[in-house]
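**Q** Predicted model follows, preceded by the sequence.
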Amino acid sequence: MKMINQDTICAIATAQGGAIGIIRVSGPRAIEITSHLFIPVQGKPLTERKPYTLTFGKILSPQGEVIDEVLVSLFRAPHSYTGEDSTEIMCHGSSYILQQVIQLLIQSGCRSALPGEYTQRAFLNGKMDLSQAEAVADLIASSSAASHRLAMSQMRGGFSKELAELRNRLLHFTSLMELELDFSDHEELEFANRSELNELAAHIEQVIARLAHSFSVGNAIKNGIPVAIIGETNVGKSTLLNALLNEEKAIVSDIHGTTRDVIEDTINLQGITFRFIDTAGIRQTSDTIESLGIKRTFKKMEQSHIILWMIDSTDVKGRLEELQTEILPHCQSKKLIILFNKSELLLPIQKEELATMFANIETEKLFISAKKRENITTLEEKLVQAATLPEISLNDIIITNARHYEALVQALNSIHRVQEGLQSDLPGDLVSEDLRQCIFHLSDIVGDVTNDEVLENIFKNFCIGK
Ligand SMILES: Nc1nc2c(c(=O)[nH]1)N(C=O)[C@@H](CNc1ccc(C(=O)N[C@@H](CCC(=O)O)C(=O)O)cc1)CN2
Ligand SMILES: Nc1nc2c(ncn2[C@@H]2O[C@H](COP(=O)(O)OP(=O)(O)OP(=O)(O)O)[C@@H](O)[C@H]2O)c(=O)[nH]1
Ligand SMILES: [K+]
Ligand SMILES: [Mg+2]
């Protein structure tokens, strides 16, 4: 086993306030350094003990003062979480004690671990691939049965197995291509004909496409069901966001074009997480920043499962046309709810007129007042009804990670180029190049081809001690 990291690292692995606090030590000198401050109550020193044992003893300061009575567990490389020699010191859960022990470890030659460094070492030492390491962070963050299930399956290598299979298929494909290149003057040879390659490419395309598409569901489970709040400027989108979140998250004003960038936050309704997305109001504008915001509005609309299209009930001229030409075409396979806002300003007869005007549009409609918080509870109920996520079973591979999604989209583009190349009888070596690209992007997911910068980005979001 290659040992890339020579430093021995330490960190508190437990949250503050518990009865017990655990310090993790990992690296080539982990056992020796721990043994330096730890005296077993009886028997051999730690350095001479067997792995997977627990030893009771005390932590002593250099002055001989007892800092704590502790249990120490012992792991020997490669049989530990990181694949390195490791110990865990289980102290009484006082942050004073834990800090003291950390300081003693540092004085004896450890350094403080960076966020995610244990898991990063587990990855570098071949204990898991990158998609499994990323799932560890998801597992810690998981807050529902569904997100827990997805993270657990990914951590246990479900996705890795699927990718390995895909790569095997691609390698099979390349070898067929190469055979075809080698025997290009023998057209009667059957094993590498174009139709066989076409079939294989179609199959691979299908698998990659399925995985990439699963991100829509995976992302909704992990980050909340995306709900975009869309409409012209000043209809009250930001007011509604604040009402739903119960917080002054977005700036509200009577100035048109107040919201220029996308604002998002989540709430939980009856156990379902929704991610509300307040967008820049749609209008014709010559302001470049604002028009960038409006572009993002349409992009967010694409990515959302539920669209709340909002109008100002006191200003409905042209809205029906807008709905039919600009909104409905973007709402296929999405749930649309039409919100007539500022409805507290309408007389009952005006409400009836408005309802009649939109009577032919077959979607959910609701009169609300975002400002007076009228009918917000009814809206929440409608949201819960609209929130359908497919039941996922243990064997479903579902992408929850944006990095994996990007890589799959790239892989999908490559395989599409392969298919086009086959169709237009491109020379085999050119098609092979696209195949190699496809393999490259899939390798990116499991971390076979990854560079330091990518790793740093992934692990910096972990907690310290993980
Ligand atoms: N105290 C403690 N609890 C913990 C962890 C830990 O590091 N320490 N974990 C950390 O996240 C998780 C458990 N994960 C672990 C994964 C592998 C090994 C390990 O020793 N693996 C060896 C031996 C496996 C075997 O017996 O077959 C190996 O991979 O060779 C330990 C913990 C959750 N609970
Ligand atoms: N009477 C009434 N006024 C409202 C209601 N909801 C919002 N407003 C007012 O409408 C104005 C615009 O509200 P915003 O929430 O900023 O509207 P917006 O759609 O986010 O606007 P942009 O970000 O500019 O696109 C503010 O003055 C709000 O107080 C409502 O239900 N009734
Ligand atoms: K506004
Ligand atoms: Mg706004």
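**A** Done, it's in. Ligands and ions are numbered 1, 2, ... in the order given.
**Q** Next, Ile89: secondary structure please.
**A** Put simply, Ile89 is strand when judged by DSSP: H, G, I helix; E, B strand; the rest coil.
**Q** Grab the nearest non-local neighbour of it.
**A** With sequence-adjacent residues excluded and distances taken as Cβ to Cβ, 6 or more residues apart in numbering, Ile89 is closest to Ile23, at 4.4 Å. For glycine as for every other residue, the C-beta is placed from the backbone atoms N, C-alpha and C.
**Q** Would you double-check that the one you found falls in a strand?
**A** Yes - applying three-state DSSP, one finds Ile23 inside a strand.
**Q** Tell me which residues are up against the lengthiest strand in the chain.
**A** The residue-count maximum for a strand in the chain (DSSP state E) belongs to strand 66-75. Contacts with strand 66-75, where a contact means Cβ atoms under 8 Å, 6 or more residues apart in numbering, come from 31, 34, 38, 46, 49-61, 81, 85-92, 97, 100-101, 104.
**Q** what's around the closest residue to ligand 1 within the stretch 201-350 of the chain, how many residues?
**A** At 19.9 Å from ligand 1, Lys222 is the closest residue in the stretch 201-350 of the chain, using Cβ to the nearest ligand atom. Using other Cβ atoms under 10 Å, Lys222 has 23 other residues around it.
**Q** Can you tell me the element it falls in?
**A** helix 194-223 (DSSP states H and E).
**Q** try Thr14
**A** Per DSSP H and E, there is no helix or strand for Thr14.
**Q** thinking it is in contact with Gly93, fair?
**A** Yes - assessed by Cβ atoms under 8 Å, Thr14 is found in contact with Gly93 at 7.1 Å.
**Q** what sits in contact with each of these two?
**A** Contacts common to Thr14 and Gly93, judged by Cβ under 8 Å, 6+ apart, are 20-21.
**Q** Assumed Arg275 was part of a strand.
**A** Yes - judged by three-state DSSP, Arg275 forms part of a strand.
**Q** buried residues in stretch 6-18?
**A** 8-14 (16 or more other Cβ atoms under 10 Å).
**Q** pLDDT averaged over it, what's the number?
**A** Per-region confidence: stretch 6-18 scores 94 on mean pLDDT.
**Q** Could you do stretch 32-44 as well?
**A** 97.
**Q** Residues touching it, excluding its own?
**A** With Cβ under 8 Å, 6+ apart, stretch 32-44 has contacts from 8, 25, 45-47, 49, 55-61, 70, 72, 87, 89, 101, 104-105, 108-110.
**Q** Per-residue confidence, the closest residue to ligand 1 within the stretch 251-400 of the chain, what does it come out as?
**A** Ligand 1 sits closest to Thr400 of the stretch 251-400 of the chain, with a gap of 19.4 Å, by Cβ to the nearest ligand atom. Reported pLDDT at Thr400 in the predicted model: 92.
**Q** can you pull out the strands in this structure?
**A** 9-12, 20-26, 38-40, 54-60, 66-75, 86-92, 111-112, 225-231, 263-269, 272-278, 306-312, 335-341, 364-367.
**Q** picking up where we left off before, mind listing what's buried along the helix holding Lys222?
**A** 197, 200-201, 204-205, 207-209, 211-212, 214-222.
**Q** Spell out which residues make up each domain of the protein.
**A** Domain ranges of the chain: 9-129, 141-214+397-447, 226-387, per automatic domain parsing.
**Q** Nearest to ligand 4 among the ones you listed would be which one?
**A** domain 226-387 (3.0 Å; Cβ to the ion).
**Q** And the closest one, how far out from the chain middle?
**A** 26 Å (Cα atoms, centre = their mean, to the nearest Å).
**Q** Is any residue of it near ligand 2?
**A** Yes - with Cβ under 6 Å from any ligand atom as the criterion, ligand 2 is reached by domain 226-387 at 233-239, 252-254, 256-259, 281, 341-342, 344-345, 369-371.
**Q** Counting neighbours, which of these end up buried?
**A** 233-239, 252, 257-259, 281, 341-342, 369-371.
**Q** Just the terminal-to-terminal distance for stretch 382-396.
**A** By Cα to Cα, to the nearest Å, the extent of stretch 382-396 from end to end equals 28 Å.
**Q** tell me which residues in it are buried?
**A** 382-383, 386-387, 392.
**Q** Repeat that for stretch 112-130.
**A** Across stretch 112-130, burial judged by 16+ other Cβ under 10 Å covers 113, 115-125, 127-130.
**Q** Counting neighbours, what do you get for Leu346?
**A** Neighbour tally, Leu346, other Cβ under 10 Å: 17.
**Q** In the stretch 251-400 of the chain, which residue sits nearest ligand 2?
**A** Gly281 (2.4 Å).
**Q** which residue packs closest to that residue, ignoring adjacent ones?
**A** Thr233 is the one closest to Gly281 (Cβ to Cβ, 6+ apart), at 3.2 Å.
**Q** again, but for Lys222
**A** Leaving out its chain neighbours, Lys222 is closest to Thr400 (Cβ to Cβ, 6+ apart), at 4.4 Å.
**Q** how many neighbours does the residue in the stretch 151-300 of the chain that ligand 1 sits nearest to have?
**A** Proximity of the stretch 151-300 of the chain to ligand 1 (Cβ to the nearest ligand atom) peaks at Met155, 9.6 Å away. The tally of other residues near Met155 (other Cβ under 10 Å) stands at 20.
**Q** which ones are touching it?
**A** 128, 132, 135-136, 138-139.
**Q** how near is it to Ser142?
**A** 10 Å (Cβ to Cβ, to the nearest Å).
**Q** Lys334 now?
**A** Lys334 is 26 Å from Ser142, where distance means Cβ to Cβ.
**Q** neighbour-wise, which of these two wins?
**A** Ser142 (19 against 15).
**Q** So which bits of the stretch 201-350 of the chain are right by ligand 1?
**A** Near ligand 1, when you scan the stretch 201-350 of the chain using Cβ under 6 Å from any ligand atom, you find nothing.
**Q** Phi, psi for the residue of the stretch 251-400 of the chain closest to ligand 1 please.
**A** phi -120, psi 0 (degrees, to the nearest 10).
**Q** That one: what's it in contact with?
**A** By Cβ under 8 Å, 6+ apart, the neighbours of Thr400 are 138, 147, 150-151, 154, 215, 218-219, 221-222.
**Q** residue contacts, the residue in the stretch 251-400 of the chain that ligand 3 sits nearest to?
**A** Taking Cβ to the ion, ligand 3 has its nearest neighbour within the stretch 251-400 of the chain at Thr258, 3.5 Å off. If you count contacts by Cβ under 8 Å, 6+ apart, Thr258 has them with 233-234, 238, 251-252, 281.
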